[in-house]
Every structure is written in C-alpha cells, then in structure tokens.
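[1] everything below, folded, please.
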Amino acid sequence: MSGDFTVNGVAFDSREVGAGDLFVAMAGEATDGHRFVPQALAAGAGGAIVSAPCDGPHVRVADGFAALQALGTAARKRSAARIVGVTGSVGKTSAKEALHAALERSNHGRVHRSVKSYNNHTGVPLSLARMPRDAAFGVFEMGMNHAGELAALTRMVRPHVAIVTAIAPAHLEFFADEAAIADAKAEIFQGLEPGGVAIVPWDSPHRDRLIAAARPHADRIVTFGLEKGADVHAREVMRLGQGGTFVTATLGGGRELSFTVAQPGLHWVSNALAVLAAVDALGADLGQAGLALAELGGLAGRGKRTVVSAGDGDALLIDESYNANSASMRAGLAVLAEEPGRHLAVLGEMRELGDRSAALHADLADAVVAARVETALLVGEAMAPLARALEGRINLVHVADAETALASLRDLLAPGDAVLVKGSNGVGLSRIVAALGGG
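    Below you'll find the predicted structure:
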C-alpha cells in the first residue's frame, strides 16, 4: 500500500470515475485497466487497486478482479438492506428499474440498484461494492450466457427475494434447448437467504421446472402472471389512450390494487406484476409502488418513446435497440401494432441462437405482418430467413449494417409514422436512434 487515502465510490471504467472513487484496474481480454490509472487519477480518483507498479495512491494486490469480488462481498456482508435479485431472458433490466422506482417512492435515497446492465461477473461485484452502508433495499440484476454463472453471482448477492421475469430462447448457442436456459436462470434461487422468497412467472411453459428448482432453497414461492392461476395476477387489463395500461391486480388474501403502468404492452404488465410480488414479499408499500409504476419513464434501448423530426412534421420512435430475442421481438412488434399511423420497423438480427437461428428469425414473419408494418428494414446477414419469409407480404429492405439502414430510414420516414428500432446490441442500432434524435 502506498499510504493512507480515502475513497467514497468504486469504478473499473476510467470514463466513469468520479471525484473520490476507488479505481480498480483489471487486466481484461480487450485491454488492461492499468493503462488508464493515470487518467483515472487525473479525473479525481482517490486511489487505485492495482496489480502492477503505480505512482499514485494505491493498494497493490495479486489480482484486481479478485479484489473487486472481495469488495463486493464485504459490502454485502456489512449491509442490513433487504436484497432482491432479478434475472430472466427478457425484462430483467426493466423489472430492476421498475422495482427500484417502486421502493424508492417510499424510501427516498435509501434504495440501491445496479446501474445500466451491470449484471455479469464484474458488474455484480461492482454494484455490490457501491451499495451504501445505510441502504434499506438493494436491487441487483444478474445475467448469464452459460450454465453455472448465475450460481456464482447469486451466492455473492445473497438475495432475500429472487425474481425470474421470463424464459425465452436467448443464448441458445450455448444451451441445448430452452429448458436448459430455464435451469440456468433458476440458479438464482440457490443464493436465497433463509426465509427467502422465489418469484416465478406463472405464464411460462417452464413454470413447474422453475418452481421445482426453487423449492429446496425458498421458504415461499410466489407466482405472477396475466392468468388468474397466478398468486399475483391481472384481473383487469385496459389499454389507455396515451399508451399506458390500467391494471387491477389480485395479490391474494382478498387484496386488490388498481394502478397504471406508464409503458405500453402486456410484457410491461407482466413486469409490473413481478414488481408488485416483490414489493409485497418485502413488506414495502404497495400503494406507493403503484404510483411509481404510473410515473415510470421509458428506458433508453428498452422501449423509450421519442417524438423525432420527420420531414415537415414529427414521427414516433420506439427505441428497443439494446437487445433482442424472439420473445422480446414479438413484444416490441405488438406494441408497434397499437400505434396510429404508418408503421416502419428496423429489425436487427438476433444473435447467439446457434443452429436454431434461421428458424427463429423466419418465425417472426407473422408477428411483423400482424403489426401492420408497411416497410421492414432488416439488418444483418442472419435476417435473410426472415426476409425470405416476408417476401411478397410487405415492403422489404435488407441491408448489411446499421449505417445503411439509417440512410434508407431517412428516405422513408414521414410525418405521422411510428417506427420500431430493435435488434441485438452488437448490431449497433442504437446509432440509428441517436442519429434520429432519440438518444
């Protein structure tokens, strides 16, 4: 150690360093964080954790990643907060943000959450390490693309409540089938604290599999869903003119709650029911949670809606550019279907689908047509099966990259249009959103 120093935050990306942060330098596959120690210190970092010589205030360790994990473990150990873990193939970031808003409404300034989609082997310990000592609640997103990853993360997070939002054919490249994905997501229950609650999607075809996986670890299992068999279910769902949804939810014990979900789409209703199940399991304020759901804005890359310029008028841009699998594609297209005006869709390829990629892309054709899409701009080589399935049914433009799609979209976009932009993050459709003014 170079000498005493004080820090009040943690970061491993030098671009995110704030005044007084501890910068954790780690050697990664693409670059070595030690290269950026000077920039981090110049940006105001109070010190660094390093495994190589350093001129500034620092603690030298054998392994920066192991040190970050130790920081996360220590922060969790000292915390008296009630902790929620969230995973799922779709909806986990949206549910995490909605749950944070629901708890924050009645516990202002005392609810901590993982930022962005920091949900992997580095993001989770970083999010834990950042949790304030006096937090009342912590909400942590956990992701995976291989079996065993969630088991390790959940044992670090040690949630009191664990949510699986939904199971979908994501990361099929690394799994035999969707059931194997369900098994991997169910690993989140292995870290539940004594007396913990597992929250499971009733409407999922993998419901019984998830319940069986939760039973050895959970004191209580709560199901949520649109169907009335769920413990927390929607008794009434009514779309509102401004795009949101009015819901009356039944929560068991003769209790009901009527509230509005600001974001459109049944997938958001499902997310809201999972959130209410978690709020109830935590003993937090359900009424305040309902008010928070009515105020929740769209998330960039996950349904944010922006009015953008289109010729001499305006168009609606629905930004779903962060990620895509067949379930979320269908959900996004269903939202587009409800919008007035002409419908355009910029759809990027879905990645990590393995040998089922062609079939899953082609199977989206009926959903595209049902959404009354006049012109679809398909981006990426893997979209070829969908292009073939749509041929002769709607107008098609199939291009190689986001930049070409943007040029085509600029030529097409007209006042009154509604355009959905959705694809796997690596396709880069967020650049289209930013160029149109929806960033």
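[2] show the contacting residues for the residue most central in space within the chain.
    Taking C-alpha atoms, centre = their mean as the criterion, T93 is the residue nearest the geometric centre of the chain, at 2.2 Å. Contacts of T93 were listed using C-beta atoms under 8 Å, 6 or more residues apart in numbering, and they are S117, N119, E141, L299, R302, Y322. Glycine gets a C-beta too; all of them are placed from N, C-alpha and C.
[3] which residues does stretch 250-263 contact?
    Contact with stretch 250-263 is made by 94, 228, 231-236, 240, 243-249, 268-269, 272, 276-277, 280, 286-287, 289-291, 293-298, 303, as judged by C-beta under 8 Å, 6+ apart.
[4] quick one: which of the residues you listed sit in helices?
    Judged by DSSP state H, these include 94, 268-269, 272, 276-277, 280, 286-287, 289-291, 293-295 as members of helices.
[5] most widely separated two among the residues you listed?
    Using C-beta to C-beta, these span at most 21.5 Å, a distance reached by S94 and G287.
[6] neighbour count: those two, which is higher?
    For S94 versus G287, neighbours defined as other C-beta atoms under 10 Å are more numerous around S94 (25 against 12).
[7] that one touches V269, doesn't it?
    No: S94 is beyond contact range of V269, at 11.7 Å (criterion: C-beta atoms under 8 Å).
[8] let me know the secondary structure of S309.
    Under DSSP: H, G, I helix; E, B strand; the rest coil, the three-state class of S309 is strand.
[9] confirm L316 sits in a strand?
    Yes: assigned with three-state DSSP, L316 falls within a strand.
[10] residues contacting it?
    By C-beta under 8 Å, 6+ apart, the contact set of L316 is R305, T306, V307, V308, E339, G341, D417, A418, V419.
[11] same question for A166.
    By C-beta under 8 Å, 6+ apart, A166 lies in contact with G88, S89, V90, G91, P201, S204, H267, S270, A327.
[12] distance of the nearest residue to E178 once chain neighbours are set aside from A407?
    Spatial nearest neighbour of E178, excluding adjacent residues (C-beta to C-beta, 6 or more residues apart in numbering): P169 at 5.4 Å. Distance of P169 to A407, given as C-beta to C-beta, to the nearest Å: 31 Å.
[13] those two - which one has more neighbours?
    Applying other C-beta under 10 Å to P169 and A407 shows that P169 carries more neighbours, namely 21 against 12.
[14] does that one touch M329 like I think?
    No: with contact defined as C-beta under 8 Å, P169 does not count as touching M329 (10.7 Å).
[15] okay, and L128 sits in which element?
    Using DSSP states H and E, L128 sits in helix 123-129.
[16] got the contact list for that helix?
    Contacts of helix 123-129 with the rest of the structure, by C-beta under 8 Å, 6+ apart, involve 10-12, 24, 68-69, 71-76, 112-118, 138, 140, 142, 153, 156-157.
[17] tabulate the CA atom coordinates of it in PDB.
    Provided in PDB are the C-alpha atoms of helix 123-129 (Å, rounded to 0.1, in the frame of the first residue of the first chain):
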ATOM      1  CA  GLY A 123     -20.800  -5.800 -12.900                       C
ATOM      2  CA  VAL A 124     -22.400  -7.600 -10.000                       C
ATOM      3  CA  PRO A 125     -19.500  -7.200  -7.500                       C
ATOM      4  CA  LEU A 126     -19.100  -3.600  -8.700                       C
ATOM      5  CA  SER A 127     -22.700  -2.900  -8.000                       C
ATOM      6  CA  LEU A 128     -22.400  -4.600  -4.600                       C
ATOM      7  CA  ALA A 129     -19.300  -2.600  -3.700                       C
END
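[18] pLDDT (mean, whole number) over it?
    Throughout helix 123-129, pLDDT has a mean value of 97.
[19] show me where the stretch 101-250 of the chain has helices.
    Assigned by DSSP state H, counting those that start in this stretch, the stretch 101-250 of the chain shows helices spanning 123-129, 149-157, 178-185, 207-214.
[20] which of these sits most buried?
    helix 123-129 (a mean of 25; mean count of other C-beta atoms under 10 Å).
[21] tell me how far that helix lies from the chain's centre.
    In terms of C-alpha atoms, centre = their mean, to the nearest Å, the centre of helix 123-129 is set 16 Å apart from its chain centre.
[22] what does stretch 216-231 give?
    On C-alpha atoms, centre = their mean, the centre of stretch 216-231 falls 21 Å from that of its chain.
[23] quick revisit: now distance to A389 too, for the helices of the stretch 101-250 of the chain, in JSON lines please.
    Below are those laid out as JSON lines (distance: least, C-beta to C-beta, whole Å):
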{"stretch": "helix 123-129", "distance to A389": "36"}
{"stretch": "helix 149-157", "distance to A389": "34"}
{"stretch": "helix 178-185", "distance to A389": "21"}
{"stretch": "helix 207-214", "distance to A389": "30"}
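[24] for R393, find the nearest of the ones you listed.
    For these, proximity to R393 was assessed by C-beta to C-beta; helix 178-185 is nearest, at 27.5 Å.
[25] next, the angle from the closest one to helix 149-157.
    Per axes from the mean of the first three to the mean of the last three C-alpha atoms, to 10 degrees, the angle that helix 178-185 makes with helix 149-157 is 20 degrees.
[26] which strands and helices sit next to helix 178-185?
    Contact here means 3 or more C-beta pairs under 8 Å, 6 or more residues apart in numbering; DSSP states H and E; on that basis helix 178-185 packs against helix 149-157, helix 207-214.
[27] make TSV out of those helices and add mean pLDDT and distance to T260.
    Compiled in TSV, the helices and strands packed on helix 178-185 are given as follows (pLDDT from 0 to 100; distance: least, C-beta to C-beta, whole Å):
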stretch	mean pLDDT	distance to T260
helix 149-157	97	31
helix 207-214	98	27
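[28] would you convert the ones you listed into JSON lines that also reports distance to E256?
    Formatted as JSON lines, the helices and strands packed on helix 178-185 follow (distance: least, C-beta to C-beta, whole Å):
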{"stretch": "helix 149-157", "distance to E256": "32"}
{"stretch": "helix 207-214", "distance to E256": "23"}
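[29] looking at these, which is closest to M383?
    That would be helix 149-157 among the helices and strands packed on helix 178-185, by C-beta to C-beta, at 28.5 Å.
[30] keeping just the C-alphas, turn that closest one into PDB.
    Extracted in PDB, the C-alpha atoms of helix 149-157 (Å, rounded to 0.1, in the frame of the first residue of the first chain):
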ATOM      1  CA  GLU A 149     -22.600 -18.300 -13.900                       C
ATOM      2  CA  LEU A 150     -25.800 -17.300 -12.000                       C
ATOM      3  CA  ALA A 151     -25.000 -19.800  -9.200                       C
ATOM      4  CA  ALA A 152     -21.800 -17.900  -8.500                       C
ATOM      5  CA  LEU A 153     -23.400 -14.400  -8.800                       C
ATOM      6  CA  THR A 154     -26.400 -15.200  -6.500                       C
ATOM      7  CA  ARG A 155     -24.200 -16.600  -3.800                       C
ATOM      8  CA  MET A 156     -22.400 -13.300  -3.800                       C
ATOM      9  CA  VAL A 157     -25.600 -11.200  -3.800                       C
END
